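Undergrad: Predicted model and sequence follow; I will ask about them next.
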Amino acid sequence: MRDKYKVLLMVWLLQFVNYLDRINLSIAAPTMMKELSLKPNLFGFVLAAFTFGYAIAQIPGGYLADRFGAKRVLIVSPILWSAFTGLTGLAASLVALIIVRVLFGMAEGLSNGPSFKFIGDYFPAEQRSAANGAYLSALALGPAFVAPIAVWFLGRVGWQGMFFWFTIPGLLMALFIWRVIPKTSPNQSRAHATVEADFARAANTAQAESATNLGGVIKRPVSWLIFFAYMAFNVAFWGFLGWMPSYLSMARHIELKNLGYASSIPYIAGTCGLIIFGLLGSKVFYRYRCLMVATLYLLAGVSLYVTYNVSTPEQSIIGLSAAAMFLYGGFGPVWSLVLDLTPQSARGAFSGFVNCGGQIGGFFAPIVVGYIVNETASFTGGFLFMIGALVIGALCFIALQMARRDWATRELSPGAA
């Protein structure tokens, strides 16, 4: 197997395990709120605690990958997050849950910059949307897989035991990465000379020459456009991710024994969106990825609007599935754009910078949605909040397409599609 496909497989598996450990809290939320006597507005802080820690670790994780190597960071990160997954099962109060979830978020946050750095280092520009789409399909397949498994554990060992069992996959993942991923990235290869040329085409020549580190890259207005676009998107994404199982349980009255399977369906649709739109972003819409992402965000907003207006649980699951397909569908094109805006020497740090913006949005989303649900006894206001954020994200990507008109005139490199 070629090295780049080994790397892609390993970062996919890492992200898959990452989301197993991340989403189990959302599945356990109705049970935990009942046993610990926590109202939705307070549990919103527990959900947000993860994204707070996750945001803090984004830039450091990318910097450490640029400085010491992505492989080393990707070995340490799952060991740490596995430890904090187990400690979640020992938390018996709101404060303890918040502290351990912040630390868990920091441990998982270390892995993003190195993973995207590997994608940028091993794949040329025109393959990155598809590669990112394949890699990030784990974001949807992980939750789809974990939902019924988590419900099974909840019914047999309780929520505490569930977290203890979920420490195992991360430790195994650290071992796999140590054994499989090559020791060094192909920094001196001909392919990476092409990658550096890709960056020069993606930005103005003068800026490409000067923006060889994170400080230089973030001085450009387009960097802040994608930062705020991703922040707005994550308001909707983390509102969706954190509260969907509770919405199906509390608003649509789906019983625990059926909740795992009902929660899995939208994530399966999300997987389809990642693959389909990742490929389209690498080929048909390569030159218009920003407009494609903007369209996906608007369609996700429409789907969320339909979800809370339909009358039956089955119809709401269809609406959530459509929303998931469009929400997840934007990931591949978005992260190919991030890598196009960055020189090789700052890929890890800049990926962390953009993801930090995303997690700022993700931090506030569960809190605001939880507050709205608690105050109104309805999820309607929470859905409207997420829809508004998606509109803002779409407008940012439309502005980015206008700012980077040179993307519309770039040619696909031979054999890359």
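TA: Perfect, thanks for sending it.

Undergrad: List the buried residues in stretch 144-163.
TA: 144-151, 153-154, 158-160, 162-163 (16 or more other C-beta atoms under 10 Å). No exception for glycine: its C-beta is placed from N, CA and C like everyone else's.

Undergrad: Kindly provide the whole-number mean pLDDT of that stretch.
TA: Taken as a whole, stretch 144-163 has a mean pLDDT of 88.

Undergrad: Just name the shakiest helix or strand of this structure by mean pLDDT.
TA: None of the helices or strands of the chain scores lower by mean pLDDT, DSSP states H and E than helix 205-210, at a mean of 43.

Undergrad: Spatially central residue in this protein, please.
TA: L139 (6.3 Å; C-alpha atoms, centre = their mean).

Undergrad: Check which helices and strands the helix or strand that residue falls within sits against.
TA: Secondary structure from DSSP states H and E places L139 in helix 138-165. Under the contact criterion of 3 or more C-beta pairs under 8 Å, 6 or more residues apart in numbering; DSSP states H and E, helix 138-165 touches helix 3-35, helix 70-88, helix 256-282, helix 313-329.

Undergrad: what about G133, how many residues close to it?
TA: Neighbour count for G133, taken as other C-beta atoms under 10 Å: 28.

Undergrad: Return the residue spatially closest to it, with its sequence-adjacent residues excluded.
TA: In this structure, G133 finds its nearest non-sequential neighbour in G278, 1.7 Å apart by C-beta to C-beta, 6 or more residues apart in numbering.

Undergrad: cool, and N41?
TA: Distance criterion C-beta to C-beta, 6+ apart; nearest residue to N41, sequence neighbours excluded, is N374 at 3.8 Å.

Undergrad: same check, this time on G370
TA: For G370, the spatially nearest residue (C-beta to C-beta, 6+ apart) is G44, at 2.4 Å.

Undergrad: isn't the one you found right up against F363?
TA: No. Assessed by C-beta atoms under 8 Å, G44 is found out of contact with F363, at 10.4 Å.

Undergrad: about what we covered before: tell me the contacts of the residue nearest to G133?
TA: Residues counted as contacts of G278 (C-beta atoms under 8 Å, 6 or more residues apart in numbering) are S129, A130, N132, G133, A134, L136, S137, G329, F331, G332, P333.

Undergrad: do Y305 as well
TA: F383, I387.

Undergrad: give me that answer again for 10 Å
TA: Going by C-beta atoms under 10 Å, 6 or more residues apart in numbering, Y305 touches G319, A323, F383, L384, M386, I387.
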